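> got a predicted structure here, sequence first:
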Amino acid sequence: MAEHLIVYGHGQGDPGAGGNGYQEATFTRNILGPHLEKYAKQLKKNKVKFYDKSLDMYQQTQTGKGAYSVSTKTASVTELHLDAASSSATGGHVIISSSFSPDKYDVAIAAVIGKYVGWWGSVKNTKGINKRSDLLNLNVFAKRGISYRLVELGFITNKNDVDKLVKNIDAVAKDLIEAITGEKISGTASKPAAAKPVAKPKPTPAKPAVIQLKVDGQFGNATARRLQEYFNTAGKDGIISHQYKQKYNQNIYAAQFDKTLIGSNVVVALQKWLKVEADGLCGKATIIALQKRMGTTADGFISPVSDCVKELQRRLNKNKL
Ligand SMILES: [Zn+2]
């Protein structure tokens with residue numbers, strides 16, 4: 001009996017990206033999750049387990065748990081996310097390590113996305129598969145020899161993508177469980193939900209032009225991604241790569257820490273804007289400059305819930321730093 005693992009992305013204080021009334025962490029856990037869990041129970045030859053919903057595997061991996069704690073006997077790991085960009089970006093994709101070729105599960109999962117949401121433009125010629133080497137869990141699982149993929153189900157920032165997922169949620173879940181395990185589940189999924197009666201149109205307030213962050217003072221992936229959008233840096237993935245861990249920056253949840261001193265594009269952009277040395281590493285001097293600019297206590301230290309980050313989020317929501 002093969003045992004597969006499904007991981008809901010973000011969580012543990014990080015809501016992930018937001019759009020169209022949803023957040024990534026709660027969409028996968030609360031909207032899609034119950035349907036996945038229902039079909040997982042109907043499997044006869046395979047087992048699907050779910051990673052602890054109260055945790056964010058990404059944050060756990062950063063502390064040496066998470067991806068490091070998954071048994072090497074696990075047949076496959078599938079981490080579920082939604083993408084975010086401008087409201088016109090559409091389609092989903094399956095991310096695998098650039099050191100591998102897609103396996104049958106990757107192809108099957110990508111086919112499910114293609115069927116219900118369509119593929120993101122950049123992966124149309126690769127059957128919905130995108131290869132990367134800059135994601136933490138992806139790299140840890142690759143190193144450990146455990147089959148892993150990160151699935152972007154569609155763009156949470158695209159109303160059409162979200163509508164398609166929500167309308168077909170039960171069928172999407174059934175097909176995903178089948179794709180992940182390679183096992184057919186008997187019975188048919190619930191029909192797409194009937195369109196809700198249309199309420200009398202009322203004047204809608206002007207939509208904010210940018211994704212609205214929760215002002216929670218936590219520097220997670222959604223905040224990093226908005227910052228990447230704001231500075232229009234390459235790779236708007238919500239990850240602040242190649243940071244050097246210190247007490248000052250250890251609570252930047254979006255940071256990926258290593259010892260390379262390579263730094264990150266978005267930090268370079270932030271540093272240029274702050275007029276400090278642009279080495280791409282968000283250390284004490286950069287944080288002090290940011291705190292001064294945000295008008296908060298300039299102690300050079302990002303707290304787990306930070307006033308400086310709250311102000312940054314407020315300004316990002318107004319799209320004016
Ligand atoms: Zn995500």
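Received the coordinates, thanks.

> number of residues surrounding whichever residue of the chain sits closest to the ion?
Of all residues in the chain, residue 81 sits closest to the ion, with a separation of 3.4 Å (C-beta to the ion). Where you see a C-beta, it was placed from the backbone N, CA and C, and this is true even at glycine. Residues near residue 81, counting by other C-beta atoms under 10 Å, number 25.

> and residue 75, by the same measure?
Close neighbours of residue 75, defined as other C-beta under 10 Å, add up to 18.

> what stretches of the protein score poorly on pLDDT?
192-208 (pLDDT under 70).

> which is the next helix or strand following the strand or helix carrying residue 113?
According to DSSP states H and E, residue 113 maps onto helix 104-116. Next in sequence after helix 104-116, counting helices and strands by DSSP H and E, comes strand 129-132.

> show me what that following strand pairs with in its sheet, parallel or antiparallel.
strand 93-97 (parallel) (DSSP bridges).

> buried residues in the partner strand, which are they?
Using 16 or more other C-beta atoms under 10 Å as the test for burial, strand 93-97 gives 93, 94, 95, 96, 97.

> that strand near the ion at all?
No - judged by C-beta under 5 Å from the ion, strand 93-97 stays clear of the ion, getting no closer than 10.5 Å.

> can you show me the CA trace of that strand as CSV?
Taking Å, rounded to 0.1, in the frame of the first residue of the first chain, the C-alpha atoms of strand 93-97 are listed here in CSV:
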residue,chain,number,x,y,z
HIS,A,93,1.0,24.6,-13.2
VAL,A,94,3.0,21.9,-11.5
ILE,A,95,6.4,22.7,-10.3
ILE,A,96,9.1,20.0,-10.1
SER,A,97,12.8,20.1,-9.3
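
> how about the spatially most central residue of the chain, secondary structure?
Taking C-alpha atoms, centre = their mean as the criterion, residue 81 is the residue nearest the geometric centre of the chain, at 4.6 Å. Secondary structure, DSSP: H, G, I helix; E, B strand; the rest coil: residue 81 is strand.
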